[in-house]
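Visitor: Structure for the following, please:
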Amino acid sequence: MTIQKRQFIPLNIAIMVVSDSRTEETDTSGKTLVDRLIETGHRCAEKAIVADDIYLIRAKMSAWIADPTINVIISTGGTGVTGRDGTPEAVQPLLDKELNGFGEVFRAISYEEIGTSTIQSRAIAGVANGHYLFCIPGSSGACRTAWDRLIKAQLDFTTRPCNLVEVMPRLLEK
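Guide: Model prediction:
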């Protein structure tokens with residue numbers, strides 16, 4: 001049996017930096033993600049820095065979820081445990097389905113790198129209106145780990161045995 005070679009499918013990915021203090025000049029996490037997704041062959045559809053406020057996060061995320069030209073949304077920041085960390089609370093109500101394995105595997109991989117500090121991460125992922133959403137911690141290291149070891153392969157149509165891209169046409173089935 002011959003396995004047919006697949007062609008890479010570039011996706012439009014929006015990047016949200018959740019921070020009360022970062023600016024375009026001081027943001028390293030969002031830049032890390034943009035650089036990596038472009039190097040991989042995807043397109044950066046939009047990048048925004050949003051204050052760590054659940055309603056501001058939810059408003060921007062909702063606009064992107066409603067945009068049919070965006071395939072994937074990755075947020076960085078706001079996944080910790082402080083009083084201002086509200087990304088999971090902002091995003092979870094918007095999800096049609098949660099990809100529980102993402103947070104579980106991200107924390108397992110992070111444990112290899114940062115030890116028990118990984119329990120402070122509330123990284124989540126899911127599907128909303130046919131878009132994939134990934135919410136990862138705000139450090140550049142966490143962005144590298146999430147992209148390099150999880151997200152990149154799952155957003156690559158050539159990844160076998162399966163990937164998230166191949167099921168995209170079926171995300172809105174009823």
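Visitor: The protein: strands as residue ranges?
Guide: According to DSSP state E, the chain carries its strands in the segments 12-18, 43-50, 72-76, 97-98, 124-128, 131-136.
Visitor: residue boundaries of the helices in this structure?
Guide: 29-40, 54-66, 87-91, 100-114, 140-146, 152-154 (DSSP state H).
Visitor: Which residues does the longest one contact?
Guide: Outside helix 100-114, the residues that touch it by Cβ atoms under 8 Å, 6 or more residues apart in numbering are 118-119, 121-125, 134, 136, 141-142, 145-146, 149-150. All C-beta atoms are positioned from the backbone trio N, CA, C, and that covers glycine.
Visitor: Those, buried ones only, as a ChimeraX selection?
Guide: Entered in ChimeraX, the line below selects the buried ones among the contacts of helix 100-114, by 16 or more other Cβ atoms under 10 Å:
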select :118,121,122,123,124,125,134,136,142,145,146,150
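Visitor: sorry, back to before: now the helices of the chain as TSV including distance to G130 and mean pLDDT?
Guide: Shown next, in TSV, are these (distance: least, Cβ to Cβ, whole Å; pLDDT from 0 to 100):
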stretch	distance to G130	mean pLDDT
helix 29-40	19	98
helix 54-66	9	98
helix 87-91	16	97
helix 100-114	17	96
helix 140-146	21	97
helix 152-154	16	98
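Visitor: for the ones you listed, which one ends up most surrounded?
Guide: Highest mean neighbour count among the helices of the chain (mean count of other Cβ atoms under 10 Å): helix 87-91, with a mean of 22.
Visitor: Residues contacting that one, please?
Guide: Taking Cβ under 8 Å, 6+ apart as the rule, helix 87-91 contacts 18, 52, 54-55, 57-58, 61, 75, 77-79, 122, 124, 126, 133, 135.
Visitor: swap the cut-off to 6 Å and go again
Guide: 18, 54, 57-58, 75, 78-79, 122, 124, 135 (Cβ atoms under 6 Å, 6 or more residues apart in numbering).
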